[in-house]
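1. just a sequence and a predicted model for now, questions to come.
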Amino acid sequence: MSKFVDIQIDDAIIRRASRGDAKAHEIIYRAYSSPVYSVVLRFTRVPAHAEDLLQETFVEVMRSISKFRGDAPLGIWIRRIAISKALMFLRSAWHSRGQSLDDDWEQNLPCRAVSGDSRGPDDALDLDAALAELPEVSRAVVWLHDVEGFTHKEIAALMGKTESFSKSQLSRAYQRLRPLLEAEAESRNYSANSELMSRC
């Protein structure tokens, strides 16, 4: 979220953009395109889809900016549009595969086994890689809650579900992440110990 908050756009630029000024649109796009791309890529994991969502987000931003009232920073408003577009995309993908948000994705998308024996110390998982192992629903909830700072109530509203759904998805995601991150920690400890032994 901080990337969006840290970017400052002059109110005069926003007013010009709301009147359809192409140069003002370009300034806003250049300022926010990178964080928007990063956010939507977290949801889709596919650069081509993220590029499409980036464009869709800014089409919506430029179409709706005349309605922006400044109750929140511009970046927060744009971030919400980007997340909404990403969730709409995921919902469409879920439906096209005959899945729903209620499906048990852990059964449908098995996690790859991770162990200290099968991975070398240089291949340790980072948090990003661990998140990539999650089913789409769980990954979206973890990202919204832990990174973007959304409440369960807000996540439920975005996904058209209940708060208990959001909480259960987060709990299941944590259960799935724990062994992945423990394997990473063990791998890093192994690497550190090996380095120490080599210095002796």
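-> Alright, I've got the coordinates.
2. list the buried residues of stretch 83-96.
-> Residues of stretch 83-96 classed as buried by neighbour count (16 or more other CB atoms under 10 Å): 83, 85-87, 89-91, 94. C-betas here are computed from N, CA, C, even on glycine.
3. adding distance to residue 4 and pLDDT, write these out as a markdown table.
-> Formatted as a markdown table, these follow (distance: CB to CB, whole Å; pLDDT from 0 to 100):
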| residue | distance to residue 4 | pLDDT |
| --- | --- | --- |
| 83 | 11 | 91 |
| 85 | 15 | 92 |
| 86 | 14 | 91 |
| 87 | 17 | 88 |
| 89 | 19 | 88 |
| 90 | 20 | 81 |
| 91 | 23 | 76 |
| 94 | 26 | 55 |
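4. in helices only, show me those.
-> Within these, residues falling in helices by DSSP state H are 83, 85-87, 89-91, 94.
5. quick one, what contacts the residue lying closest to residue 154 once chain neighbours are set aside?
-> Nearest non-adjacent residue to residue 154, counting by CB to CB, 6 or more residues apart in numbering: residue 144, 7.7 Å away. By CB atoms under 8 Å, 6 or more residues apart in numbering, residue 144 lies in contact with 83, 150, 154-155, 158.
6. can you put those residues in TSV and add secondary structure and distance to residue 36?
-> Output for the contacts of residue 144, formatted as TSV (DSSP: H, G, I helix; E, B strand; the rest coil; distance: CB to CB, whole Å):
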residue	secondary structure	distance to residue 36
83	helix	10
150	coil	17
154	helix	19
155	helix	19
158	helix	16
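7. just give me the closest of those residues to residue 49.
-> Minimum distance to residue 49 across the contacts of residue 144 is 14.4 Å, recorded for residue 83 (CB to CB).
8. in this protein, what helix or strand scores lowest on average pLDDT?
-> Least confident helix or strand of the chain, by mean pLDDT, DSSP states H and E, is helix 105-108 with a mean of 42.
9. ok so, going back, tabulate the contacts of residue 144 (CSV), appending distance to residue 177.
-> Output for the contacts of residue 144, formatted as CSV (distance: CB to CB, whole Å):
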residue, distance to residue 177
83, 21
150, 18
154, 21
155, 17
158, 21
